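Student: Compute the structure for the input listed below.
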Amino acid sequence: MSKIRKSARGEECTLLLGNCSPPETVILAHIGKDRGMGFKCSDHFAVYSCSNCHDIIDGRKKTEYTRGELAEIKIIALERTQKKLIDKGLLYV
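Tutor: The predicted structure is shown next:
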């Protein structure tokens, strides 16, 4: 497990979709285009996501958000997550 993936432990969800699960459920959720079952994009294209929000962005749970709204939410969450990673010294710009 990479340091970036481990860094998700204890973090708050950066997606903020309104019905977040407790911080204990937060993982690093990959949001890049090159992803799917058994294949993940780089950890640089991932967000801190609780289990509920992860289910929503992966399509396992129905939501009132449109695809466009979800795309915007993911970009905002990526910005929030990358700032945290930079602050932790895990991502360099």
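Student: Quick check: the gap between Ile75 and Lys83.
Tutor: 13 Å (CB to CB, to the nearest Å). Yep, even glycine has a C-beta here, placed from its N, CA and C like the rest.
Student: If you count neighbours, what's buried in the longest helix seen in the chain?
Tutor: Longest helix of the chain, by residue count under DSSP state H: helix 67-87. Using 16 or more other CB atoms under 10 Å as the test for burial, helix 67-87 gives Leu70, Ile73, Lys74, Ala77, Leu78, Arg80, Thr81, Gln82, Lys84, Leu85.
Student: Report the distance from that helix to the chain centre.
Tutor: 7 Å (CA atoms, centre = their mean, to the nearest Å).
Student: Next up, the contacts around the closest residue to Glu11 other than its chain neighbours.
Tutor: Here the nearest residue to Glu11 in space, its sequence neighbours aside, is Tyr48; by CB to CB, 6 or more residues apart in numbering that works out to 4.6 Å. Residues in contact with Tyr48, defined by CB atoms under 8 Å, 6 or more residues apart in numbering, are 8, 11-15, 26-29, 77, 80-81, 84.
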